[in-house]
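Trainee: here's a sequence, model it:
(one chain, ligands or ions: 1)
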Amino acid sequence: MTLHGKTAVVTGGSRGIGREIAIALGARGAYVFVNYVSRADAAEETIGLVRQAGGDGAIVQCDVADFSATQEAMKEVVGQAGSVDILINNAGITRDGLLPLMKEADWDQVLDTNLKGAFNCSKAVVRSMMKKKWGRIVNISSVVGFSGNAGQANYAAAKAGMVGLTKSLAREFASRRITVNCVAPGYIVTEMTEALPEVAQQKLIREIPLGTLGSAADVAAAALFFVNDEAAYVTGQTIHVNGGMYM
Ligand code: NDP
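Mentor: Predicted coordinates for the structure are as follows:
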């Protein structure tokens, strides 16, 4: 697969899964805009890794939960690059808690970042894809959007919402040869899951048929599949990357 001449935006590309996707896209020739919200150092580090992999890119700061800031930032990206061909809606946060203890702000922040963020970014770049009659949008959902999870009502609702968003956008833009798909990771080793206590991690591993947590590279491989020209006839779908924990 070659992505030479294509421009990609990876939201939340400064760390974890997003970083790995950025490197994978860069290694195949895409020019990668690595979005971040606060960790410019980490985003620069990702660009360094993209270059080491033979690619190139630039960092782009914006809080994807902020509609106006996202439109501005993506307008600059489109201005610089001419178009955005590939959008990976990966930026995400958790604010866990059982419902009686969950604050309104926990609900709002998680929905605004994970779900509205994907809306904000897709809206900002889809016109440039429509003009080119080619585009790839990949939304990073989660296993808990399918299974539910006690203590993650906000996160599971946002991630399930991304699936509905994916299918609707897939229908809206199919005639323009823009595909929209989802990757639903299970438990992947990143800073997000390293925060879990060791006991909780061991309990999780026992629930995974393949017997181990996944890696960011496992998720990047699934995202790359959708971006590939050979996946041109695949839209509105989800690849589950979860070691079999949810089937
Ligand atoms: P990390 O916590 O390691 O990284 C989160 C990334 O998102 C960072 O790059 C961060 O930027 C960015 N980010 C957070 N909030 C915003 C915002 N408002 N605007 C822009 N960027 C933001 O996360 P993971 O790599 O673990 O997760 C990536 C995605 O995969 C998420 O959507 C997550 O829900 C999903 N996922 C992860 C799983 C896992 O097990 N790790 C399982 C299932 C799904 P900065 O560096 O500036 O803070």
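Trainee: give the closest residue to residue 98 in space, chain neighbours not counted.
Mentor: Excluding its sequence neighbours, the residue lying closest to residue 98 (CB to CB, 6 or more residues apart in numbering) is residue 151, at 5.4 Å. From N, CA and C alone the C-beta is placed, and that goes for glycine too.
Trainee: if I look at the one you found, how far off is residue 101?
Mentor: As judged by CB to CB, to the nearest Å, residue 151 and residue 101 stand 9 Å apart.
Trainee: residues in contact with the worst-scoring helix or strand of the chain on mean pLDDT?
Mentor: Ranked by mean pLDDT, DSSP states H and E, the helix or strand of the chain with the weakest confidence is helix 191-194, at a mean of 82. Residues outside helix 191-194 that contact it (CB atoms under 8 Å, 6 or more residues apart in numbering): 15, 16, 92, 94, 187, 201, 213.
Trainee: just put those residues in JSON lines and tack on secondary structure and pLDDT.
Mentor: Shown next, in JSON lines, are the contacts of helix 191-194 (DSSP: H, G, I helix; E, B strand; the rest coil; pLDDT from 0 to 100):
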{"residue": "15", "secondary structure": "coil", "pLDDT": "97"}
{"residue": "16", "secondary structure": "helix", "pLDDT": "96"}
{"residue": "92", "secondary structure": "coil", "pLDDT": "98"}
{"residue": "94", "secondary structure": "coil", "pLDDT": "96"}
{"residue": "187", "secondary structure": "coil", "pLDDT": "94"}
{"residue": "201", "secondary structure": "helix", "pLDDT": "86"}
{"residue": "213", "secondary structure": "coil", "pLDDT": "93"}
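Trainee: most neighbours among the residues you listed, please name it.
Mentor: When the contacts of helix 191-194 are compared by neighbour count (other CB atoms under 10 Å), residue 92 ends up highest, at 25 neighbours.
Trainee: residues touching that residue, list them.
Mentor: Each residue near residue 92 by CB under 8 Å, 6+ apart is listed here: 12, 113, 114, 117, 140, 142, 158, 192.
Trainee: quick check: chain neighbours aside, which residue is closest to residue 207?
Mentor: Sequence neighbours aside, residue 245 is the residue nearest to residue 207 in space, at 5.5 Å (criterion: CB to CB, 6+ apart).
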